[in-house]
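K.L.:
here is the input, now give the coordinates:
(one chain, ligands or ions: 1)
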Amino acid sequence: MLLREDLTVEMLAQSGAEPSSGAYSHLVSTLSSVAGRDVGRSGPITIDGGARNWTAGELQSTADSLAVRPAGSATIRALFVHGTFQGSDRVLGVAVRGDVMAIFIDQVRKTGGLVGNSSGVERAVILHEAGHLLGLVDLYLNTGRADPDHPGHSSNRESVMYWAVESTAISQVFGANPPDSFDDADRADLARIKSGN
Ligand SMILES: [Zn+2]
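P.N.:
The predicted structure follows:
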């Protein structure tokens, strides 16, 4: 379980693909708030190469080959890369394994630029993918509250776990003001997941 005592976010990034410090700090501080304790930071670790069309398997093997934190530790491995997920320029971020998320920074910046709020879009997408790794929404619990049309997502547009947050749909749905925090239901779920009940 990621919400254990030693929860650490490990950043792996290609050159020029690093997140803004504000967006990354928002992730770490939100995770600290959810975990009820300080969350560690590891990295940044450099991922060689440039833009490409990444597959889930390539993202996982990249994380595994470069990771500093040991396998089995409570680690969120956050990859920031150039290019696309499987050739789609609509995907801003993905969660590809229980401990591996990837942010397609060029798509994030392009979409953020369109709505005039790059940092807001970046904050939202990063926290959204981390939310999936923590088990939201109903990837771990079975509360029945997930959006039936978009499994794994909140039906509340004010939650960062709303489905549109991880694709270019974020610009059409939210314009310059995407949600960038967990809502009360998300936080209640995370509290349950953390306590094991
Ligand atoms: Zn999602």
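K.L.:
how close does the residue most central in space within the chain get to Val9?
P.N.:
By CA atoms, centre = their mean, the mean C-alpha position of the chain lies nearest to Glu129, the distance being 2.3 Å. Using CB to CB, to the nearest Å, Glu129 is found at 11 Å from Val9. C-betas here are computed from N, CA, C, even on glycine.
K.L.:
all strands for this protein, in order.
P.N.:
Using DSSP state E, the strands of the chain run over 8-14, 40-47, 52-54, 75-81, 83-85, 93-97, 100-104.
K.L.:
between these, which one is nearest to His153?
P.N.:
Proximity to His153 (CB to CB) singles out strand 93-97 among the strands of the chain, at 11.6 Å.
K.L.:
anything in contact with each of Glu129 and Val9?
P.N.:
Listed as contacting both Glu129 and Val9 by CB atoms under 8 Å, 6 or more residues apart in numbering are Ala78.
K.L.:
circling back to that earlier point, I'd like the strands of the chain as TSV, with distance to Gly175 and mean neighbour count appended.
P.N.:
Converted to TSV, the strands of the chain look like this (distance: least, CB to CB, whole Å; neighbours: other CB atoms under 10 Å):
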stretch	distance to Gly175	mean neighbour count
strand 8-14	28	22
strand 40-47	31	16
strand 52-54	28	16
strand 75-81	24	26
strand 83-85	23	19
strand 93-97	19	21
strand 100-104	21	26
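K.L.:
out of these, the one nearest Leu114 is which?
P.N.:
Closest to Leu114 of these, according to CB to CB: strand 100-104, at 14.9 Å.
K.L.:
the closest one vs strand 75-81, what angle?
P.N.:
Per axes from the mean of the first three to the mean of the last three CA atoms, to 10 degrees, the angle that strand 100-104 makes with strand 75-81 is 20 degrees.
K.L.:
give the pairing partners of strand 100-104; include direction for each.
P.N.:
Sheet pairing of strand 100-104 (DSSP bridges) gives strand 75-81 (parallel), strand 93-97 (antiparallel).
K.L.:
could you dump those to a markdown table with distance to Ala51?
P.N.:
What follows is these, written out as a markdown table (distance: least, CB to CB, whole Å):
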| stretch | distance to Ala51 |
| --- | --- |
| strand 75-81 | 8 |
| strand 93-97 | 16 |
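K.L.:
nearest to Asp138, out of those?
P.N.:
strand 93-97 (13.9 Å).
K.L.:
can you name the residues in contact with the closest one?
P.N.:
For strand 93-97, the external contacting residues (CB under 8 Å, 6+ apart) are 56, 59-60, 63, 85, 101-104, 108, 125-126, 128-129, 132-133, 166.
K.L.:
thanks a lot, see you next time.
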